[in-house]
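Enquirer: Here is a sequence together with a model predicted from it:
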Amino acid sequence: MKSDVATPIMRRRMIMPTLFMAILSFQVPPAVLSFFLVDIAATFETPVGVAGQLGTAGFLVTILTAALVGVAASRWTYKTLLLVCMGCLAVSGVGASLAPSFASLLVTYALSGITTGMSASLGMALIGRYYPVHERPKRSSYASIGYVLPGIVLPPLFSVMGEWRLAFLLVAVVAGTTAVMLWRGLPAEKAPSGRPLAGYRDVLSNRSALGLLLANIFATAGFIVFVVFALSLFREKFGLSTELTSLIATGMSLAYLIGILVAGRIIHRYGRKWLTVVFCLVIGLAIIGLTVIPIWGLAVLAYYVGTFSGGIRGLAMMNLALEQEPKHQAVMQALTTVSQYVASTVGTTLGGLILIWQNYDWLAILGLFTVMGGVLFQVTTIDPTKQVKSSEV
């Protein structure tokens with residue numbers, strides 16, 4: 001798909017900051033929930049495990065929304081859809097901050113899942129629309145900083161706020177700011193006139209695209225060890241303090257961020273598929289190392305190697321997905337988002353069952369999932385940009 005070269009220069013300069021904010025915005029609600037989960041449970045006198053179902057509610061809405069993005073994008077412009085998303089996020093933030101009961105908080109928090117499902121899908125599709133192929137990796141790496149930055153800068157801010165209701169008001173402020181940027185920063189578009197289901201049919205009949213979705217489920221299910229279980233492993237297996245574990249977590253976010261930025265600069269040289277496959281294998285080995293190494297310092301090193309590699313693998317995979325169906329990039333990105341969240345469910349569920357029946361060493365099994373994902377990427381997917389280069393030669 002060609003970039004929109006007719007877009008005025010000043011407005012084109014606003015596209016990247018706008019997409020960055022669109023991605024950052026839907027990372028704020030889970031950051032609030034993660035930081036204040038215990039406080040929220042205490043407020044409504046519910047167990048922490050029950051309060052954690054707020055995340056599950058948002059997650060389910062995200063999957064449903066992402067699955068329907070292709071239908072919505074065939075009827076309304078991306079700009080309109082993203083503005084609606086920010087409206088939902090603002091309502092979610094204000095509603096959550098004023099929630100008089102846990103049930104009302106459950107409903108209002110779940111609204112944030114609409115923004116997650118839509119923004120995660122349309123962000124990459126907009127990069128495909130406005131930038132040529134050779135610029136997309138670097139541009140997507142800049143936008144993807146929005147995935148990581150909230151985990152680094154928000155916890156200290158939340159510590160100062162000290163109140164979860166006030167933190168949810170911040171969600172509404174971020175949503176409002178992003179809406180203004182979307183209104184002014186994204187070019188006006190003509191309303192689409194495509195058939196709603198044509199994109200789904202083309203994507204699901206594309207062997208490479210279908211293989212990518214399956215491979216991504218395996219690869220991401222394994223990576224969930226770093227996201228969900230690693231910090232508890234450091235505390236329970238090695239007896240590390242909460243303070244040291246918190247510092248390690250900050251280092252993890254920085255390692256992932258560096259991986260994203262590195263990927264943006266090397267994808268065009270080494271290729272989307274090659275980086276995806278190779279770093280799936282590296283991540284798999286890092287997961288195994290993290291779970292079985294008996295020395296905590298080496299385990300932390302494996303943790304950082306894995307998360308750095310995860311940044312490279314994640315960005316390479318998103319760019320590989322973007323090029324699978326140039327005519328239906330929104331649908332492909334939406335289904336990729338669905339595969340990400342399905343994989344998170346699979347990985348979290350399997351990891352939890354493993355810890356119930358065995359111990360942290362057995363989480364190495366999930367490392368094999370990521371290795372299998374790399375094998376599936378190699379066997380089932382193609383990199384259309386490499387095929388174009390070969391035909392040109």
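Expert: Ah, there it is.

Enquirer: which strands and helices sit next to the helix or strand hosting residue 255?
Expert: In the assignment (DSSP states H and E), residue 255 maps to helix 242-270. If you count contacts as 3 or more CB pairs under 8 Å, 6 or more residues apart in numbering; DSSP states H and E, helix 242-270 packs onto helix 136-161, helix 230-238, helix 272-292, helix 296-322. Just so you know, the C-beta spots here come from the backbone N, C-alpha and C atoms, and that holds for glycine as well.

Enquirer: is it possible to export the ones you listed to JSON lines including mean neighbour count?
Expert: Shown next, in JSON lines, are these (neighbours: other CB atoms under 10 Å):
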{"stretch": "helix 136-161", "mean neighbour count": "18"}
{"stretch": "helix 230-238", "mean neighbour count": "18"}
{"stretch": "helix 272-292", "mean neighbour count": "24"}
{"stretch": "helix 296-322", "mean neighbour count": "24"}
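
Enquirer: Kindly reformat those helices as TSV and extend each row with mean pLDDT.
Expert: Output for these, formatted as TSV (pLDDT from 0 to 100):
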stretch	mean pLDDT
helix 136-161	87
helix 230-238	87
helix 272-292	96
helix 296-322	95
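
Enquirer: Residue 330: which of those is closest?
Expert: helix 296-322 (10.3 Å; CB to CB).

Enquirer: which element follows that closest one toward the C-terminus?
Expert: helix 329-357.

Enquirer: Name the residues of the helix or strand that that following helix is followed by that are buried.
Expert: Next along the chain after helix 329-357, taking DSSP H and E as the criterion, comes helix 364-380. For helix 364-380, a neighbour-count test (16 or more other CB atoms under 10 Å) marks 364-367, 369-378, 380 as buried.

Enquirer: Against which helices or strands is helix 364-380 packed?
Expert: Applying 3+ CB pairs under 8 Å, 6+ apart, one finds that helix 364-380 contacts helix 207-224, helix 272-292, helix 329-357.

Enquirer: can you list those helices in JSON lines and add distance to residue 28?
Expert: What follows is those, written out as JSON lines (distance: least, CB to CB, whole Å):
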{"stretch": "helix 207-224", "distance to residue 28": "21"}
{"stretch": "helix 272-292", "distance to residue 28": "27"}
{"stretch": "helix 329-357", "distance to residue 28": "18"}
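
Enquirer: Figure out which of those helices is closest to residue 67.
Expert: Checking those against residue 67 by CB to CB gives helix 329-357 as the closest, at 5.5 Å.

Enquirer: now the angle from the closest one to helix 230-238?
Expert: Relative orientation of helix 329-357 and helix 230-238, computed by axes from the mean of the first three to the mean of the last three CA atoms, to 10 degrees: 20 degrees.

Enquirer: what does the average pLDDT come to for helix 329-357?
Expert: For helix 329-357, mean pLDDT rounds to 88.

Enquirer: what residue ranges in the stretch 101-250 of the chain score low on pLDDT?
Expert: 190-196 (pLDDT under 70).

Enquirer: how does the chain divide into domains?
Expert: 9-185, 202-392 (automatic domain parsing).
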